[in-house]
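Q: no letters, just coordinates:
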């Protein structure tokens, strides 16, 4: 497996399993001279952290990041930034019931088949815990991209869909509720729905919308590394993601070209933005926006039947502390991955200047 | 720009503009000893070719591929396969009206901004003509992957949506009609709708569904290079694509985990397949299936206003021979990109055996 | 095999066997707006061409390059530059004697073992013919690097060693003789020695020295991609190269630090340059210089015994037109590879500006 | 800077400065199921460690490695292996005299120019301390390559050159003396010479020879990623290295082809091995051997004049504990880098099986 490195210029290699010693990573390619606000990095981690509200898993993980290198007198030095977050909440016994059996719609089965065996103490590398490393790296990328504004929010939970365009919302209000939906009325509905789901020991899917503003014209590397193609890959690499659409997305399918084409203003901006800020794979300076679909997480607190590694049927019972809906905690992860893509493409674009 | 290389081990670098001398590419990493059926490669090109039916652009391009290297006595040698397709239909005068002006929702504007100038004789590198190189490379990847079956088809044109699961369709029937929809009744409706759109000089979007069968267990490289993440990137890199979803996709958002989880049979297969053949980013041996959303193409045969490179408004008129709906010709492109991803991931997976 | 791509941002993928249809490549990442002097590219090819003098192989290959893309109105467009050189001199019968047998110190044996079979009509991919593609790409890189001067020359043939520092030579005089040694007296000796070797049907090794001037400070990416490490790899990838040293090189081994350290002038230049223009893997603005050792080429025009693919001993006779000493024709190849490395590292260095 | 990642399949990203919190890395791509002997890894680190004998720097660094991930029940899991080594000996005050001035032939000057500022507390990222991370990764690669034997040794210190072929030496005897020269007589001479140099406060260069045995046929990826080219790059990336030669190397230059060609035995082995185990860039199953030239390290314990960052001349005095000759401690580093290259090329070669 060599798929744990993301980016070409602003490159991140991550490591770590849910029940190992630590998770972390190396950022190779962060430019020198960036003043780092370490508190802001921890704030991003806290947005992803378990136990932050009643609608997320109640596991306790302090998620404190330690930096090893690449920062001197408060600034990046241009050398690689190594970091780790210790795993402090490794209750292996919680997971002993899954040692030899395969949880449905988890990665247990394929890891055993691909690697011959696996760290059975929880999700291992396929645990969403891995995304904490992404949040650290993304938080640094955000600081590098200080002019670019990246705001993600929850726009759908189950059937509860926010039918407003992002331009009608105040994206500063996203953090006012535990769901991370900037429309407070909808957020309240979503919150009580998630609580209901939790009571059932079940889970539910959701959608995160992300808006990126103040993007300079010219980011994106056709033909294969179009900006939205890399954003799509970045989002699809997040645990539980099943779909990605940008600009008009799947709805654009039903439109005619005469309606879908974005007419120019004389300053090069466009009157509409069905393109989603990207044309021919290159940013055009308009807002970039996209949706990311998350499935209901597979861990449910219900009895179920499954198979073990001998192919025998076993009866078991999901237990522990799980996320009834993953999207509230995934908001900072979506932002982090967007930041990593933009940082990388900014450097690539600079390279030919 | 260095984004014209796709894949890591089954690697393809492509080149070429719509109105240059030729398009083509280099395949670096194709294993040795594969008996190549060159006719089959040309057949794939013909499926993408302009002028193949009344519902596609009537441009005449023979699209004959010439191979330069890497093939000896009918077999791949393990050395790079260079190839080119001459551009024979370069009527620059058709495009003189767009030399200094920017067509809405095309890449003209961003290319000028990013590169300082552009080959104004048509779409240049951002033309869909570029995808012919992908089809050649993908056709070779398909032959390498001889056990894996990749079938794409048109499942939606505008509002006309095929509400059948792929398992209810005979995928062998896709080529029986010019739309490439395996349901002949729906295909007829789509065909007449596209003709209507064409008469208006307008365009319409569509969806292509792709099904991949007989995939071995174990393809995919978490955390970042999950199989579906790379498939998503590959699809999003195709011109006019706005969205990608696999397995339950955006619909999975509204499901509960208890319903979405794919229960195991004792042989490791699953009773349902909301996972879409991929769990934790790794193929589990079930069918992989995904949808790709295409916007209505931007070239319309109608008068319109736009701006020129001085920011002045110009009135112009779309002309020439265009595709009223891009999805029928995009079916082999989707298959080609899927084949390239699977070939690459097959080699990566082999590496640790 | 996926080793036919060089560079990360100024990236070149090459293809082609000695007896296939054509050789060529794709340059992906060349910045836009560079005015290309196509004659200068052909001039570089002519410096590498067979038949250019009596001391090189007398094969006739016109080596005319055709560009397919990426150039418009005389300038690079920022899109990939595809190109090919047709093989016009494919006399397969010259090579029939080697179809089933392995020439000593050639790549025949290992290609058969690695790939299962090979294009037996000559060296195939391992032929030095492959380097013509490098010369084309390098000639474009040179034009991108217009301020940087790259001059290679022959400094040793067999025991005939030019015991002068490059600063004592007029590097403009290199092309005045067929050996490409800027010291005309030594060149004459080398020339007659090579003729003698040729008469014997034998071959002899040599050394090429390369000097790079006007390099900006800051090129090089420690820890692994130090500038000299990548230059070394580039040179070692050229056929027949056995060694690389830069700055003080192997002679530096016997020096003491107190003598070897390059003392600074107040403007940051150094009084001596044992460092060879690179410190800590990063260019310091002083001249970069290095030596490249070439073995005697393996093709000799003498009878010899070897084995065939069944392990039986066969008697055979080297024939055809061969290079008695490879270094005169390798001078432009060394320059081309140096140019490719510098172009790539220039883009990488730019990326963080 | 993004040059801190080495390898394509067996990939290592390293981080860390000499006076930061820790150094370490991430190994991404190590196959699963390898039983790891952690003591053997520490043994390799101890071979590189300061203070191990009187002829190396007397700094005290325990160099204890902590593994964070990727290992479970004593075996690799196929997921990334994160690790770190704490820096325990960070006496910044030792280095205050170099805060604003540039030590000759160090990387101080170029780092300041390239990155705008630097961690002035010692060599920072350009310190040889960075190589400890390589040794950890290489030790794991060695265990993956259990059949391949990699032995490096000191073959020259200053003018003291071991004029024996490696086949005449017992490579098991390398560790019997602190110089790491397997010829005990020569080792004794080298040791007293290094002590003499140390007394002068000076330094001296040296050569390390490396021999790799039991290499399978077929490793190497022409045209650019020839096995020896990557080995060369790997060696040249080590601090203080000025040259690399393999097989006949620079001496091969003076040989005729008729003498240099390695004649086959009927089993495919060769009677001589001037090729150095690699033909056409691909291993042929014979021993691989190469030489690596190290300059005298730049830190000398003598008074010297240099410039500061304002271009003013400053008088200063080298102090602290330095290595009078770097080669004894560099032996495990050379082996580690060789192991990393071979592990990577083994996986690449496997990929097409």
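A: Alright, I've got the coordinates. Everything quoted here is computed from the prediction, not taken from an experiment.

Q: what helix or strand is the nearest residue to residue A:334 once chain neighbours are set aside located in?
A: Leaving aside its chain neighbours, residue A:334 sits nearest to residue A:152 (4.3 Å; criterion: C-beta to C-beta, 6 or more residues apart in numbering or on different chains). (Glycine included, C-beta is placed from N, CA and C.) For residue A:152, the host element (DSSP states H and E) is strand A:149-157.

Q: list the buried ones in that strand?
A: A:150-157 (16 or more other C-beta atoms under 10 Å in any protein chain shown).

Q: so for the residue in the stretch 251-353 of chain A positioned nearest to chain D, what pLDDT did the model give?
A: With C-beta to the nearest C-beta as the measure, the residue in the stretch 251-353 of chain A that lies nearest chain D is residue A:347; the distance is 8.3 Å. Looking at residue A:347, its pLDDT reads 96.

Q: which element is it on?
A: Of the helices and strands defined by DSSP H and E, residue A:347 is found in helix A:327-351.

Q: likewise for residue A:14?
A: strand A:11-15.

Q: state the mean pLDDT of the helix or strand following that strand.
A: If you walk from strand A:11-15 toward the C-terminus, the next helix or strand you reach (DSSP H and E) is strand A:22-28. Taken as a whole, strand A:22-28 has a mean pLDDT of 98.

Q: next SSE downstream of strand A:22-28?
A: Downstream of strand A:22-28, the next assigned helix or strand under DSSP H and E is helix A:38-48.

Q: still on that earlier bit, so which of the buried residues of strand A:149-157 is the closest to residue C:102?
A: Of all those, residue A:150 has the smallest distance to residue C:102: 59.5 Å, by C-beta to C-beta.

Q: correct me if wrong: that closest one contacts residue A:209.
A: No - at 11.8 Å, residue A:150 does not count as touching residue A:209 under the criterion of C-beta atoms under 8 Å.

Q: still on that earlier bit, is any residue of the strand holding residue A:14 near chain C?
A: No - using C-beta under 8 Å from any C-beta of the partner chain, strand A:11-15 never reaches chain C; the gap is at least 11.0 Å.

Q: and that strand, what does it pack onto?
A: Where contact means 3 or more C-beta pairs under 8 Å, 6 or more residues apart in numbering or on different chains; DSSP states H and E, strand A:11-15 is packed against strand A:5-6, strand A:22-28, helix A:131-144, strand D:11-15, strand D:22-28.

Q: out of those, which is closest to residue B:175?
A: Distances from residue B:175 to each of the helices and strands packed on strand A:11-15 were compared by C-beta to C-beta, and the smallest falls on strand A:5-6, at 38.8 Å.

Q: what does the helix or strand bottoming out on mean pLDDT in chain A contact?
A: Within chain A, judged by mean pLDDT, DSSP states H and E, the helix or strand with the poorest mean is strand A:313-317; its value is a mean of 90. The set of residues that contact strand A:313-317 without belonging to it, under C-beta atoms under 8 Å, 6 or more residues apart in numbering or on different chains, is A:97-98, A:101, A:301-308, B:266.

Q: how about 6 Å then?
A: Contacts with strand A:313-317, where a contact means C-beta atoms under 6 Å, 6 or more residues apart in numbering or on different chains, come from A:97, A:101, A:303, A:305, A:307-308.

Q: same deal with stretch A:263-270?
A: Contacts to stretch A:263-270, defined as C-beta under 6 Å, 6+ apart, come from residues A:262, A:271, A:286, B:104, B:306-307, B:311.
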